[in-house]
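In: Take a look and give me a structure for this.
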Amino acid sequence: MSETDNGKITRRTFIAATAATISIVPRHVLGGPEHTPPSEKLNVAGIGIGGMGSGDIQRIGATENVVALCDVDHRHAGRTFKKFPNAKVYSDFRVMFDKEKDIDAVTIATPDHNHAIITMAAMKMGKHVFCQKPLTHSVYEARMIGEVAAETKVATQMGNQGQATESARIVQEMIADGAIGNVKEIHAWSNRKPDISQRGIPRPTDTHKVPGGLNWDLWLGPAPERPYHPRYLPFRWRGWWDFGTGVLGDIGCHQLSTAFKALKLGHPTSVESCSTNWQRPDSISNETAPLASMTRYKFAAEGNRQAVDIIWYDGGMRPPRPEELEPGRQFGVNDGIMYVGDKGKILGNRLIPEERMREYGKPPRILERSPGHYKEWLIACKGGKPAGSNFVDHAAHLAEVVLLGNVAIRVNGKIDWDGKNLRVTNNDAANRFVNPAYRDGWKLV
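Out: Here you go, the predicted model:
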């Protein structure tokens, strides 16, 4: 397959060509959710469609027009190409944007290090964006993406699908109802096995030929140049600092979304982390995320909310077993979260012990229910209300704070954080991890 342009005249290009005489501006020039009629299908492009992106574009393509697909690895993306035989196929998103003028919206599910540059380019062209978590690779990128999303007013959604669930709303409503009193701590963990996210290993030194169908230079994008190796892809990139964001970046935006909404959390005052990387040589700690880590975010009291700490665990680490939990109940395995208040605890989405949940029943229903994570975005694209994990109100800030934990992991200690000025104040060397440099030829336009 190759990058193509069949030269057909579309409705929009016809309107654009005749705009001088009939004073009509094509919708893709205007941009913004208010300019997409609800009755019209969106022209959508998928970028990074070999893994999670395959599911994203198929969900969107069930109701919308998939007009273009872009992936730097045509081997891995081949099955998705076959599902949309009429879509144009590309390797470089920049070429696709230049040729496909009719694109209204894009889904993005590349490795983390390419999220921001593609998202930024799409928003500045007036295209609606659905981008997988953690939205960006760095703290700085998250701040910039949030600001430009507010400026362009395109419809946005991050791929933390759990925010749209019934259980997420029930937890928010229980906290609002005072079911556990004032929330003091939130413990969240992800104890997936390392084979899902390779960590605690050095850079490979053996050489491999780049497979056919893979554009390695485009896969690297803004990341520092290095030789191709099968340890990086597909799907093996998450634990490598140059490409992924470790377990915290991978799962944090899922686990902590409800907490940020329920407590309206702003910037932490400090973040402190310890990990297995502290005893590893630089050849490992500078290359990959740790096998296990613990990270504590401290948020000062604000408004009616008291001070609260978020403690993150991964790699087999977990909080102490709560005394309220019945004997024999599983705790701290796989992914989980526990909210600790001065009047009780919520484990997952239920009060503990279970007897307390039965006595409490259900909280007052105060939140609107979601039509579904993808539908939220499509509704916003067509002029409806913003999606629940839009970049402006939720996703960019959530990603920024989550990724700040990786800065603390990289320095293996405590960082004091000036959120307003986007700066670590007690360790100047840590600021290079807030905004890592791009490879020559790439920039956050």
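
In: Return the residues in contact with residue 391.
Out: Listed by C-beta atoms under 8 Å, 6 or more residues apart in numbering, the contact partners of residue 391 are 129, 135, 145, 146, 149, 156, 158. Quick note: C-beta positions are derived from backbone N, CA and C, even for glycine.

In: Same list (these) but as CSV, adding pLDDT.
Out: Converted to CSV, the contacts of residue 391 look like this (pLDDT from 0 to 100):
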residue, pLDDT
129, 98
135, 98
145, 98
146, 98
149, 98
156, 99
158, 98
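
In: State the pLDDT value of residue 191.
Out: pLDDT recorded at residue 191 is 87.

In: pretty sure residue 74 is touching residue 82, no?
Out: No - counting by C-beta atoms under 8 Å, residue 74 sits too far from residue 82 to count as a contact (11.5 Å).

In: Tell me which of these two has more neighbours.
Out: Higher neighbour count among residue 74 and residue 82: residue 74, with 20 against 8, using other C-beta atoms under 10 Å.

In: what about the nearest residue to residue 92 once chain neighbours are set aside, which helix or strand?
Out: Distances taken as C-beta to C-beta, 6 or more residues apart in numbering put residue 218 closest to residue 92, at 5.8 Å, once the chain neighbours are dropped. Element membership of residue 218, judged by DSSP states H and E, is helix 216-220.

In: could you point out which element follows that helix?
Out: helix 246-255.

In: average pLDDT across that following helix?
Out: The average pLDDT within helix 246-255 is 96.

In: what does that helix contact?
Out: Applying C-beta under 8 Å, 6+ apart, the external contacts of helix 246-255 come out as 112, 133-135, 158, 160, 162, 188-190, 192, 197, 199, 238-239, 244, 289-290, 293, 295, 312, 314-315, 335-337, 395, 398-399, 402-403, 405-406, 409.

In: circling back: nearest to residue 380, of the contacts of residue 391?
Out: Of all these, residue 380 sits closest to residue 156, with 7.7 Å by C-beta to C-beta.

In: hang on, the earlier thing: quick check: buried residues in the helix holding residue 218?
Out: Residues of helix 216-220 classed as buried by neighbour count (16 or more other C-beta atoms under 10 Å): 216, 218, 219, 220.

In: pLDDT score assigned to the third one?
Out: In the prediction, the pLDDT value recorded for residue 219 is 98.

In: so it makes contact with residue 233?
Out: Yes - counting by C-beta under 8 Å, residue 233 is a contact partner of residue 219 at 6.8 Å.

In: what domains does the record give for this protein?
Out: Using automatic domain parsing, the domain parsing of the chain gives 11-162, 165-369+388-434.

In: Of those, which stretch is the most buried?
Out: domain 11-162 (a mean of 20; mean count of other C-beta atoms under 10 Å).

In: what distance separates the start and the end of stretch 318-332?
Out: End-to-end distance for stretch 318-332, by C-alpha to C-alpha, to the nearest Å: 6 Å.

In: My error: substitute stretch 126-141 in the last question.
Out: End-to-end distance of stretch 126-141 (C-alpha to C-alpha): 19 Å.

In: Tell me who's in contact with the residue nearest the centre of the chain.
Out: By C-alpha atoms, centre = their mean, the chain has its centre lying nearest to residue 133, at 1.5 Å. Residue 133 sits next to 158, 159, 160, 250, 253, 254, 399 when contact means C-beta under 8 Å, 6+ apart.

In: Helix, strand, or coil at it?
Out: coil (DSSP: H, G, I helix; E, B strand; the rest coil).

In: Surely residue 415 forms part of a strand?
Out: Yes - under three-state DSSP, residue 415 falls within a strand.

In: For it, give its distance to residue 431.
Out: With distances taken as C-beta to C-beta, to the nearest Å, residue 415 is found 9 Å from residue 431.

In: try residue 114
Out: Separation of residue 114 from residue 431 (C-beta to C-beta) stands at 23 Å.

In: Could you look up the SS state of residue 295?
Out: Following three-state DSSP, residue 295 is assigned to strand.

In: and it, what are its bridge partners?
Out: Counting by DSSP bridges, residue 295 is bridged to residue 273, residue 312.

In: Any idea how far the one helix or strand residue 338 maps to is from the middle of the chain?
Out: Taking DSSP H and E as the criterion, residue 338 maps to strand 335-341. On the basis of C-alpha atoms, centre = their mean, to the nearest Å, strand 335-341 sits 21 Å off its chain's mean C-alpha point.

In: Run the angle between it and helix 246-255 for me.
Out: With axes from the mean of the first three to the mean of the last three C-alpha atoms, to 10 degrees defining the directions, strand 335-341 sits at 60 degrees from helix 246-255.

In: Show me what strand 335-341 packs onto, helices and strands only.
Out: Under the contact criterion of 3 or more C-beta pairs under 8 Å, 6 or more residues apart in numbering; DSSP states H and E, strand 335-341 touches helix 166-176, strand 183-190, helix 246-255, helix 257-263, strand 344-347.

In: Now for the nearest residue to residue 96 once chain neighbours are set aside: which residues touch it?
Out: Closest residue to residue 96 apart from its sequence neighbours, by C-beta to C-beta, 6+ apart: residue 90 at 4.1 Å. By C-beta under 8 Å, 6+ apart, the residues touching residue 90 are 3, 68, 69, 70, 96, 99.

In: out of these, who's nearest residue 305?
Out: Among the contacts of residue 90, residue 70 lies closest to residue 305 (C-beta to C-beta), at 42.8 Å.

In: Can you tell me how far the closest residue to residue 133 other than its chain neighbours is from residue 131?
Out: Using C-beta to C-beta, 6+ apart and skipping the chain neighbours, the partner closest in space to residue 133 is residue 253 (4.0 Å). Distance, residue 253 to residue 131, by C-beta to C-beta: 11 Å.
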